[in-house]
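Engineer: A structural model of the following input is requested.
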Amino acid sequence: LDIDAVPVNSDESYPFAGVYGFGRGLFKRDSLKGSDTTYSHLHRLHEGQLVMSQPEGWEGAITVVPKEFEGRFLSKVFPTFSAHKDYICPEFLNLVTKCKWLWDTLFEKSNGIGARRNSIYPAQLLEVEIALPPLAEQQRIVAYLDAIEARLARVQKLREEQEQQLLAALRSAFHRIESESEWIELGEIAPLQRRQIEIEPDGKYPGLGARSFGKGIFHKPTLTGSELTWQKLFRVHANDIVFSNIKAWEGAIAVAGEADDGRFGSHRYLTCVADSKRVLPEFVCFYLLTRDGLEKIGRASPGSADRNRTLSVKKLEQIRVPVPSLECQHEFKKLLDLRAAFHREAESTNEHISALLPSLLDRVFNDHNEDHVP
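Structural biologist: Alright, predicted model coming up:
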């Protein structure tokens, strides 16, 4: 245990830090003036120290302090420790903090009732035994995992660049089509259609919602009718354009897919059905999520506070949208489908990457579990 406890001076400002859970390290917070806190002392961080959140260490809120956090502060519930450098290098210790087995061990040692009341104390952390290879082997392991992480970062950067190129191509194609389009009110080519159902107490109703910022449909848990004590429910069909009437101004607009067909939205969700002889719902949705489209959605959502910006059905149907030929729309949809396939592949790769490093860490420590040092 190695704590640099600094007395709080009411006239001083203290740059704070925070500790993420799940092994994600430190983050910077705003400075806090001494007169704005009730703490008598604060813990000052130093590069290479181990720092742990007593309330949430069991959830991975434990890490090694990097150089850029030297001199920042945390409250007294964040004890700090200095590693014995003859036995363990800070970089290897940082790998240990990212291991789920460590978090599980801390959880087993934690006190209190309920997940959020399980605190870890310094003595309990110091009791934990870890697999400890020689220093040279530690450094080799760190270098090996750093090289893998650097490669994964390059893959991620390349994907982001490809995403930007694909988005630029979409925007360029859209602007070219838009300039040759007829502009028609949404209510004429994709009128509102709500399919309210009668809720049965024993019925089962799988829900859905629309994420903000154009991030698509998400599924909600299936509820029974007896659990729906206040809501009205409306059936959603594939190819509906789905709007959250309180978050549409923030881009909570999406096209329902086959996997969403037959699910239910609450009274907070509006559905518009595109005239298949004139427009594709994906083309309309893309426009509504452009800067120009969102400005129009914003004007159709009066109010100033977040939750009070409710989309007006009448104003929604009066929004004019570009309507090119169906042939042009189908060509544009090919680009949209390409982008969707890219996203699916990227999500699959990200899941694989997210699982890869923890798996490698576990393998490393399993291979060296013959030498345990507290």
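
Engineer: so where's this structure shaky on pLDDT?
Structural biologist: Applying pLDDT under 70 to the chain flags residues 111-117, 304-308, 350-358, 361-374.

Engineer: And the helices in the protein?
Structural biologist: 90-97, 100-109, 122-126, 135-178, 186-189, 281-288, 291-299, 313-317, 326-367 (DSSP state H).

Engineer: Show me which of these has the highest average neighbour count.
Structural biologist: Highest mean neighbour count among the helices of the chain (mean count of other CB atoms under 10 Å): helix 281-288, with a mean of 23. Where you see a C-beta, it was placed from the backbone N, CA and C, and this is true even at glycine.

Engineer: tell me the angle of that one relative to helix 135-178?
Structural biologist: For helix 281-288 against helix 135-178, the angle by axes from the mean of the first three to the mean of the last three CA atoms, to 10 degrees is 100 degrees.

Engineer: Pipe the helices of the chain into a markdown table and attach distance to Val8 per row.
Structural biologist: Below are those laid out as a markdown table (distance: least, CB to CB, whole Å):
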| stretch | distance to Val8 |
| --- | --- |
| helix 90-97 | 28 |
| helix 100-109 | 29 |
| helix 122-126 | 21 |
| helix 135-178 | 37 |
| helix 186-189 | 58 |
| helix 281-288 | 52 |
| helix 291-299 | 45 |
| helix 313-317 | 53 |
| helix 326-367 | 38 |
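
Engineer: can you tell me which of these comes nearest to His84?
Structural biologist: helix 90-97 (10.1 Å; CB to CB).

Engineer: Tabulate the CA atom coordinates of the closest one in CSV.
Structural biologist: Provided in CSV are the C-alpha atoms of helix 90-97 (Å, rounded to 0.1, in the frame of the first residue of the first chain):
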residue,chain,number,x,y,z
PRO,A,90,4.1,-2.4,-14.2
GLU,A,91,3.1,-3.4,-17.8
PHE,A,92,2.6,-7.0,-16.8
LEU,A,93,0.7,-5.9,-13.7
ASN,A,94,-1.6,-3.9,-15.9
LEU,A,95,-2.3,-7.1,-17.9
VAL,A,96,-3.3,-8.8,-14.7
THR,A,97,-5.9,-6.0,-14.0
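
Engineer: circling back: so for Asp275, which of the helices of the chain sits nearest?
Structural biologist: Here helix 186-189 is closest among these (CB to CB), at 5.2 Å.

Engineer: ok, and what's touching the closest one?
Structural biologist: The contact list for helix 186-189 (CB atoms under 8 Å, 6 or more residues apart in numbering) reads 272, 274-275, 278-279, 284, 316-321, 323.

Engineer: what do you get for stretch 270-282?
Structural biologist: Against stretch 270-282 from outside (CB under 8 Å, 6+ apart): 186, 189-195, 234, 236-237, 239-243, 245, 255-256, 265, 284, 311, 313, 316, 321, 323, 326, 329-330, 333, 336.

Engineer: show me what contacts Gln124?
Structural biologist: 106, 109-110.

Engineer: If you could redo that for Ala168, that was the one I meant.
Structural biologist: Taking CB under 8 Å, 6+ apart as the definition, Ala168 has no contacts.

Engineer: and what of Gln193?
Structural biologist: Applying CB under 8 Å, 6+ apart, the residues near Gln193 are 240, 271-273.

Engineer: gap between stretch 171-183 and the chain center?
Structural biologist: 33 Å (CA atoms, centre = their mean, to the nearest Å).
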